[in-house]
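Asker: Here you go, sequence then predicted model.
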Amino acid sequence: MSEAVQHPPSCCAPGRGEGPTAGPGSHRAGAPDGLLSLGPTVSAPPAAPAALGDGPGGSVLLPGGRFLMGTEDAEGFAADGEGPVRPVTLRPFRIDACAVTNEQFAAFVAATGHVTEAERFGWSYVFAGFLPAHLRRGAARPQHTPWWCGVPGAWWRAPLGPGSGLAGIGGHPVVHVSWADAAAYCRWAGGRLPTEAEWEYAARGGLEQRRYPWGDELTPGGTHRCNIWQGRFPTKNTAEDGYAGTAPADAFAPNGYGLYNMAGNVWEWCADWWTTDHPAGARSNPAGPPRGTARVMRGGSYLCHHSYCNRYRVAARTSNTPDSTTGNLGFRCVRDV
Ligand SMILES: [Cu+2]
């Protein structure tokens, strides 16, 4: 039996192609009329997202240098291409302390008129447990991750579908953004998406070959350090960590580099095309394969659970097609220095 057969799919990453795409009219040009007014507007978005300092909008200058990327941890998923452990050298770069928030993304959309891919497709994936019965019933569900519903009218301003909005979650990570949406935001903000190597180096927070951004123990001293699933997946989330869905982008203690939520909360798009085949030797500023069909996602999300998808480990990785959007997938930016 191959490793790929035993390897559980990501709990978190249904692709656009697994959703309700069949039939004419399912790819709508532009959001349906009325959809744009569903979400309450967030108040006074910042004019520029690049202010330095702590919390959302802040960023941290990392010195770069050499680190050990990947893992050969027995708890890991070898079929995901988590290994081999290989030395990687990076030039210095600046990275957002937090995932880009709804408020920040609202400022980008107000400034540019950007229309996201979820709006153009007319739907996005929402975790079934968050949906009222009338939206859950009859919703298209991916075969391998049936806890997701393809919801018409779900997009970043209505993250739980029609009738939902951003009230009270302006400081949570923006979700339902595709790779191209994320890349467009980063360009506007004067940056770019992190390479996977930059993302992992940043997530490790200066620790070498530890399992999590803070060390080897998931809940040191009984303290929750990230927003993942507690309980029985996918039916009962006890939310012992304080959150069933997204948490504020600056929830929990930061890692050793001052970066928040590099594990759990929302998956984060990386710049690289996906491959599971990594050269074992030393590399400098690797940027992934020149082409591909899926982009790298890192960090895990509020749906990850040790019984099924322990991809909140710092070396864990998965991918999705670039046009995919879900309620647990966001991003952060880096800047060259
Ligand atoms: Cu997961």
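Answerer: Right, received. Where do you want to start? Computed from a predicted model, the values in this text were never measured in an experiment.
Asker: Just say helix, strand or coil for P254.
Answerer: The three-state assignment at P254 reads coil, by DSSP: H, G, I helix; E, B strand; the rest coil.
Asker: wait, isn't it in contact with G58?
Answerer: No: contact criterion C-beta atoms under 8 Å: P254 and G58 do not qualify, at 10.2 Å. C-beta here means a position set from N, CA and C on the backbone, and glycine is covered the same way.
Asker: Mutual contacts of those two, please.
Answerer: A97 (C-beta atoms under 8 Å, 6 or more residues apart in numbering).
Asker: what's the closest non-adjacent residue to the residue in the stretch 151-300 of the chain that the ion sits nearest to?
Answerer: For the stretch 151-300 of the chain and the ion, the shortest gap (C-beta to the ion) falls at G300, measuring 5.1 Å. The spatially closest residue to G300, leaving aside those adjacent along the chain, is Y312, at 3.5 Å (C-beta to C-beta, 6 or more residues apart in numbering).
Asker: P248 now?
Answerer: Counting by C-beta to C-beta, 6+ apart, the residue nearest P248 is G171, at 4.7 Å.
Asker: check contacts around the residue most central in space within the chain.
Answerer: With distances taken as C-alpha atoms, centre = their mean, the residue of the chain nearest its centroid is W267 (2.0 Å). Residues in contact with W267 (C-beta under 8 Å, 6+ apart) are C12, A13, M297, R298, G299, G300, S301, T318, T326, N328, L329, G330.
Asker: just checking, the fifth one touches E200?
Answerer: No: with contact defined as C-beta under 8 Å, G299 does not reach E200; the gap is 9.7 Å.
Asker: quick one, which of the two is more surrounded?
Answerer: The neighbour count for G299 versus E200, taken as other C-beta atoms under 10 Å, is higher for G299 (33 against 26).
Asker: Can you pull the poorly scored residue ranges out of the stretch 201-337 of the chain?
Answerer: Across the stretch 201-337 of the chain, nothing is flagged by pLDDT under 70.
Asker: At the contact with the ion, which residues of it appear?
Answerer: Counting by C-beta under 5 Å from the ion, the stretch 201-337 of the chain comes close to the ion at C304, C309, R311.
Asker: mind pulling up the phi and psi values for the first one?
Answerer: So that's C304. Note on C304: its backbone torsions stand at phi -70, psi 140 [degrees, to the nearest 10].
Asker: same thing with the one 5 residues further on?
Answerer: Dihedral pair for C309: phi -150, psi 80, per degrees, to the nearest 10.
Asker: how near is it to T318?
Answerer: 9 Å (C-beta to C-beta, to the nearest Å).
Asker: what's the answer for L207, then?
Answerer: Distance from L207 to T318, by C-beta to C-beta: 22 Å.
Asker: quick one, what contacts the residue nearest to G300?
Answerer: Y212, C226, I228, A263, G264, G299, G300, S301, C304.
Asker: Look at the first one and say how many residues are nearby.
Answerer: Right, Y212. By the criterion of other C-beta under 10 Å, Y212 has 24 neighbours.
Asker: And G221, by the same measure?
Answerer: Neighbours of G221 (other C-beta under 10 Å): 6.
Asker: Next: S307.
Answerer: The local packing of S307 (other C-beta under 10 Å) involves 11 other residues.
Asker: Same check on the one 4 residues further on?
Answerer: Summarising burial for R311: neighbours were counted as other C-beta under 10 Å, giving 30.
Asker: Surely it touches H305?
Answerer: No: look at R311 against H305 with C-beta under 8 Å: they stay out of range, at 9.8 Å.
Asker: now the helices for this structure?
Answerer: 3-6, 102-112, 117-121, 133-136, 179-188, 196-204 (DSSP state H).
Asker: Compute the inter-axis angle for the second one and helix 179-188.
Answerer: This means helix 102-112. In terms of direction (axes from the mean of the first three to the mean of the last three C-alpha atoms, to 10 degrees), helix 102-112 departs from helix 179-188 by 80 degrees.
Asker: follow-up on the earlier one: next one: the residue of the stretch 151-300 of the chain closest to the ion from L90, what distance?
Answerer: From G300 over to L90 the distance is 22 Å, taken as C-beta to C-beta.
Asker: ok, now H306?
Answerer: Distance from H306 to L90, by C-beta to C-beta: 30 Å.
Asker: The two: who's more crowded?
Answerer: L90 (22 against 14).
Asker: can you pull the contacts of that one?
Answerer: For L90, the contact set (C-beta under 8 Å, 6+ apart) comprises G64, G65, F67, A197, E198, Y201, S284, N285.
Asker: Give me the buried subset of these.
Answerer: Burial by neighbour count, judged by 16 or more other C-beta atoms under 10 Å, picks out F67, A197, E198, Y201 from these.
Asker: Which residues does K236 form beta bridges with?
Answerer: R232 (DSSP bridges).
Asker: on that earlier part again, between L207 and T318, which one's more packed in?
Answerer: More crowded of L207 and T318, by other C-beta under 10 Å: T318, with 22 against 18.
Asker: What's the local residue count around A74?
Answerer: Residues lying near A74 (other C-beta under 10 Å) number 6.
Asker: how near is it to E82?
Answerer: Counting by C-beta to C-beta - A74 and E82 are separated by 11 Å.
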